[in-house]
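Colleague: Got a predicted structure here, sequence first:
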Amino acid sequence: MDLSTTYLGLSLKNPIVVSPSPISEKLDTIRKLEDSGAAAIVLHSLFEEQIAFQSQELNANLQQGELSTPEAMTYFPDLEDYKMGPEGYLGHIRRAKEATGIPIIASLNGVSAGGWVEYAREMQQAGADAVELNVYYVPTNPNMTGAQVEDMYVDLVKTVKAAVTVPVAVKIGPYFSSMANMARRLSEAGADALVMFNRFYQPDLDLAKLEVKPDLVLSDSAALRLRLRWVAILFGHISADLAVTGGVHTGADALKCMMAGAKVAMTTSALLKHGPGHLRVILEGMAKWMDENEYGSVAQMQGAMSQKNCAEPAAFERANYMKILTNYVAQPPAPMV
């Protein structure tokens, strides 16, 4: 049975890739991830704010803002709160490459097309096999148009591609007015892969303290559906590879990603819940199903259930919405305890 795939031009032994999180901050854990079957690891992100702190540019801006809106300062972590600055991150790439035999992908998290993207070149020089650009931007300015937001993304991709020769993946969110068009534009701008989708973590409101507080809720398999839908729609229509991230917890989840048209399935929440060894559970689940259903390779199933290849293409569009609502049968309410 052949579980191998390709992603970003890299040959991978299987399609399970570890996505960015604190789990990749320690070399011992990185080794355990490789031993458990990880085909590649995307390191935790280097944030634009970390780079700006190092150059003191952000520090000056924050001090200026502190005079007018002191409450806003609580949303920016102190410099010492960052576990690893830019130079430490580059060293971590080198050590991870020396310690493993699988591709190591660096991650840049930011939004502006400024000098910080030059760190992409330094990541390449440190030995990263590819760079993942994790674009996390919440456009709150009512005067900023959707077209301006989209142009910013496209310009950012072009800038990073001009800085490196290694492949570049772009991790995006689903909140574009025309997701298919945006995917095509990013692919044409040079993105070698689209990672779908960034989880835009929502803040919570603390009623006791009357504060807005950050709150991390790990994904579950239900989060996979939005990813499957868009990967299935885009498969065969853009040249960039497609990767799923968010909701991959089981072998069945990973198989669905392949069927929709993804090259790889990325996972983190499952590993944070169950540890690095859970990768074996995912891979064993994939192999068992493939054997029972007579699939000899991952390549054989990739895109088999995409919109382009499935028996009911309309299932990914409005028809699915209509069918769900018209066929739903309400279940009797559970008895009160």
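Modeller: Structure's in. What do you need?
Colleague: Looks like S297 contacts T5 (just checking).
Modeller: No. Using C-beta atoms under 8 Å, S297 is not in contact with T5, being 9.0 Å away. Glycine gets a C-beta too; all of them are placed from N, C-alpha and C.
Colleague: of those two, who's got more company?
Modeller: T5 (24 against 13; other C-beta atoms under 10 Å).
Colleague: what sits against the residue nearest to the more buried one when sequence neighbours are not counted?
Modeller: Leaving aside its sequence neighbours, T5 sits nearest to P15 (C-beta to C-beta, 6 or more residues apart in numbering; 4.5 Å). For P15, the contact set (C-beta atoms under 8 Å, 6 or more residues apart in numbering) comprises L3, T5, Y7, A39, A254, C257, M258, A262, K263, V264, A265, V298.
Colleague: Repeat the analysis, applying 6 Å as the threshold.
Modeller: The neighbours of P15, taking C-beta atoms under 6 Å, 6 or more residues apart in numbering as the test, are T5, V264, A265, V298.
Colleague: which stretches of the stretch 151-300 of the chain aren't confidently modelled?
Modeller: For the stretch 151-300 of the chain, the stretches flagged by pLDDT under 70 are 201.
Colleague: Which parts of it are strands?
Modeller: Counting by DSSP state E, counting those that start in this stretch, the stretch 151-300 of the chain has strands at residues 168-172, 193-196, 204-206, 211-213, 241-245, 264-267.
Colleague: Any chance of these in TSV with distance to G275 and mean neighbour count as columns?
Modeller: Putting the strands of the stretch 151-300 of the chain into TSV (distance: least, C-beta to C-beta, whole Å; neighbours: other C-beta atoms under 10 Å) gives the following:
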stretch	distance to G275	mean neighbour count
strand 168-172	24	25
strand 193-196	23	26
strand 204-206	27	11
strand 211-213	27	12
strand 241-245	19	27
strand 264-267	12	29
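Colleague: export those strands to TSV and tack on distance to S306?
Modeller: Below are the strands of the stretch 151-300 of the chain laid out as TSV (distance: least, C-beta to C-beta, whole Å):
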stretch	distance to S306
strand 168-172	19
strand 193-196	14
strand 204-206	37
strand 211-213	40
strand 241-245	10
strand 264-267	15
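Colleague: Which one, of those strands, ends up nearest to A222?
Modeller: For these, distance to A222 was read as C-beta to C-beta. The smallest value, 13.8 Å, belongs to strand 241-245.
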